[in-house]
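Colleague: give me the fold of what follows.
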Amino acid sequence: MTRWAGLLVGIAISQAGCSADEVALDFPRIGLETKYAVEVDRATRVLIASCPGVTTYRDSYRPVSVRHGESTETDQRELGWAQVTEFTVTINASVQGDLAEFRAAGHNCSFAVGDNAPVGVSTAKRPCLSLCTGRTTEQPYGFIPAPPGLNAGA
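Modeller: Below you'll find the model as predicted:
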């Protein structure tokens with residue numbers, strides 16, 4: 001099978017419910033099979049629509065990877081997801097403003113988007129949830145539902 005090997009692919013996706021026409025997220029797709037391209041593009045739309053902080057704080061983190069595969073046991077049990085597309089970022093070590101308030105500096109964050117309903121993003125760390133939502137939270141982890149109009153096959 002053809003694989004993208006170390007190629008940094010820019011994904012420009014229309015942003016649902018936002019004033020900007022497009023936003024670009026660059027995630028390394030190292031070893032990601034091309035057969036998952038549709039799932040990754042759909043998951044990118046869900047991530048952008050569900051997590052406004054992903055675009056707001058784009059200059060404060062480094063995209064590390066995107067993968068498509070089996071979900072965690074927690075996401076299987078709580079959300080019913082068998083497969084996920086997972087985006088991983090590393091937040092810069094020296095951040096200011098909101099991200100400093102979120103205590104997010106230096107964290108590695110993973111954002112999972114499931115292969116079926118419920119549509120949204122799951123993350124397992126408080127600073128990552130704060131980055132996603134753009135506000136401080138006391139929840140240790142969480143699920144952020146996608147805005148209405150995005151469905152599992154979007």
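Colleague: make it CA atoms for all contacts and neighbour counts henceforth
Modeller: OK.
Colleague: can you confirm T88 is in a strand?
Modeller: Yes. T88: assigned to a strand according to DSSP: H, G, I helix; E, B strand; the rest coil.
Colleague: skipping adjacent residues, who's closest to it in space?
Modeller: S110 (4.3 Å; Cα to Cα, 6 or more residues apart in numbering).
Colleague: sec struct for that neighbour, please.
Modeller: S110 ends up strand, using three-state DSSP.
Colleague: read off the pLDDT value for it.
Modeller: Looking at S110, its pLDDT reads 94.
Colleague: wait, it sits on A124?
Modeller: Yes. Counting by Cα atoms under 8 Å, A124 is a contact partner of S110 at 7.4 Å.
Colleague: check contacts around S130.
Modeller: 102, 136-137 (Cα atoms under 8 Å, 6 or more residues apart in numbering).
Colleague: just checking, next helix/strand downstream of the helix or strand where S65 lies?
Modeller: Assigned by DSSP states H and E, S65 falls within strand 61-70. Toward the C-terminus, strand 61-70 is succeeded by helix 73-79 as the next helix or strand (DSSP H and E).
Colleague: name the residues that touch that next one?
Modeller: Here helix 73-79 has contacts from 81-82, 117-118, 122, using Cα under 8 Å, 6+ apart.
Colleague: now, which of those residues sits nearest N92?
Modeller: The closest of the contacts of helix 73-79 to N92 turns out to be S122 (Cα to Cα; 21.2 Å).
Colleague: just checking, the closest one touches T133?
Modeller: No. With contacts counted by Cα under 8 Å, S122 stays clear of T133, the gap being 11.5 Å.
Colleague: list residues touching both of those two?
Modeller: Joint contacts of S122 and T133 (Cα under 8 Å, 6+ apart) are I144.
Colleague: give me the more crowded residue out of those two.
Modeller: S122 (25 against 17; other Cα atoms under 10 Å).
Colleague: point to the residue nearest the middle of the protein.
Modeller: The centroid of the chain falls nearest to F111 when counting by Cα atoms, centre = their mean (4.0 Å).
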